[in-house]
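Enquirer: fold the following and give me the result.
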Amino acid sequence: MVVARTGLSARNHPSIPSFDKEGRRRQSGKFAPGPVVEGDTLKQRDIGLGLRAMPNPGEWLACRLQFKVTFYDCWTDQLKEQSMLLAFSAAIAAQAMPCAPVEAAGQLFDDDVHWIIVGELHGTNEAPDAFANLVCLATRTNRPVTVAVEFSSDWQPAFDLFLASDGGPKAQQDFLELPDWQKDFQDGRTSVAMLRLFETLRRMKQSGAIADVRATDIGQSTPPGLERDAAMADAWQKIAQPDNGLVLALVGNIHAMRVPLTYSGGSVATAGSLMPPAHTVTVNIVGNGGDAWNCTREGCGVSHALPSPKADKGLQFSESADTPWAVTYELGVPTTAALPALQKNAREGD
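Expert: So this is what the prediction gives:
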């Protein structure tokens with residue numbers, strides 16, 4: 001099912017903190033790796049990559065809590081000594097990431113595919129986590145992987161700053177000063193789940209597993225005359241990558257459609273429909289019903305009792321070129337609502 005939502009343009013936002021010509025925030029001091037923290041289940045250590053040791057979301061944390069081991073032991077049981085960690089290359093770091101297996105996922109990463117456009121219903125915990133896992137699986141192909149997100153290109157300097165940081169409280173506080181996190185209209189793109197995704201991507205980038213993270217929604221750099229979907233498709237195709245490079249984009253499910261969206265008054269050329277079809281795969285992430293945080297005319301809040309199809313976890317590839325998406329990523333579980341990272345106004349009763 002196609003779930004429509006309200007989109008916003010990147011206009012009339014308040015100014016963001018100033019950045020220097022290299023894209024770093026103007027402030028004193030530098031980010032530095034955090035200290036080693038000792039604990040029964042949260043023993044952590046740096047690996048010489050400038051990373052701050054801190055709990056990681058999702059399955060990595062679950063692994064540590066279940067097996068009473070360190071974060072890096074969850075990467076691979078061969079990493080027993082810190083000196084061994086220092087010797088591993090970025091490629092080995094990518095191979096060591098604990099991706100959750102998804103049946104038939106390898107078909108997404110065919111050599112001819114250069115763009116994987118992943119659509120979601122904004123405002124769930126499960127969709128960003130599933131996307132992070134797809135990125136993890138993509139790194140296993142040993143192809144250069146770039147991630148694109150549905151944030152204004154105007155905020156790229158702030159993304160670069162966070163990705164290069166230690167991910168600590170000060171870095172997160174600075175990142176959350178972006179207008180998108182601060183606005184009253186919280187449509188799910190600025191949820192705790194998305195912040196968790198960005199922390200995962202920060203670690204992946206610093207380990208060398210992914211090449212970059214790009215903000216590709218409309219901004220001041222958008223060529224004049226381009227509509228929002230056309231601008232996103234244009235930005236994805238302009239991402240610099242080698243011949244074997246792979247771009248994974250996370251956007252709302254409407255933007256990801258590979259066919260134009262038609263309605264009684266006409267049609268909209270979606271971003272996915274404007275991509276080179278021979279080199280693009282579109283994916284829609286779907287849960288077995290559940291909840292989501294979204295916005296209506298009454299305001300923003302938790303929507304309950306989403307449609308409840310029952311499906312097993314996995315990828316379903318469409319045999320028809322007329323379906324909105326080429327692939328459906330069935331989560332196999334109901335979704336849960338991901339609240340805004342900075343909660344503003346909500347509908348009554350939420």
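
Enquirer: and the longest helix for this protein?
Expert: Among the segments of the chain that qualify as a helix by DSSP state H, the longest is helix 192-207.

Enquirer: which SS class is V118?
Expert: Using DSSP: H, G, I helix; E, B strand; the rest coil, the structure places V118 in strand.

Enquirer: what's the helix or strand for the residue lying closest to it once chain neighbours are set aside?
Expert: Across the structure, with C-beta to C-beta, 6 or more residues apart in numbering as the measure, the residue nearest V118 apart from its sequence neighbours is V283 (4.6 Å). Glycine gets a C-beta too; all of them are placed from N, C-alpha and C. Assigning secondary structure by DSSP states H and E places V283 in strand 280-286.

Enquirer: from the contact counts, what lies against that strand?
Expert: In terms of contacts (3 or more C-beta pairs under 8 Å, 6 or more residues apart in numbering; DSSP states H and E), strand 280-286 is packed against strand 115-120, helix 126-139, strand 327-330.

Enquirer: ok, and which of the ones you listed has the densest surroundings?
Expert: Ranked by mean neighbour count, those are led by strand 115-120 with a mean of 27 (mean count of other C-beta atoms under 10 Å).

Enquirer: okay, the angle between it and strand 280-286?
Expert: Calculated by axes from the mean of the first three to the mean of the last three C-alpha atoms, to 10 degrees, strand 115-120 forms an angle of 20 degrees with strand 280-286.

Enquirer: list the neighbouring strands of strand 115-120 plus their orientation.
Expert: Applying DSSP bridges to the sheet, strand 115-120 is found paired with strand 246-252 (parallel), strand 280-286 (parallel).

Enquirer: tell me which of these approaches L161 most closely.
Expert: The closest of the strands paired with strand 115-120 to L161 is strand 246-252. By C-beta to C-beta, the value is 20.3 Å.

Enquirer: give me the distance from the next helix or strand after the closest one to the chain's centre.
Expert: Scanning forward in sequence from strand 246-252, with DSSP H and E defining helices and strands, the next element found is strand 261-263. Between the mean C-alpha location of strand 261-263 and the chain-wide mean there is a distance of 27 Å, by C-alpha atoms, centre = their mean, to the nearest Å.

Enquirer: what of stretch 212-219?
Expert: Distance of stretch 212-219 from its chain centroid, counting by C-alpha atoms, centre = their mean, is 12 Å.

Enquirer: tell me the average confidence for that stretch?
Expert: Stretch 212-219 shows a mean pLDDT of 96.

Enquirer: please apply the same query to stretch 184-197.
Expert: This predicted structure assigns stretch 184-197 an average pLDDT of 93.

Enquirer: ditto for stretch 110-128
Expert: For stretch 110-128, the mean confidence score works out to 97.
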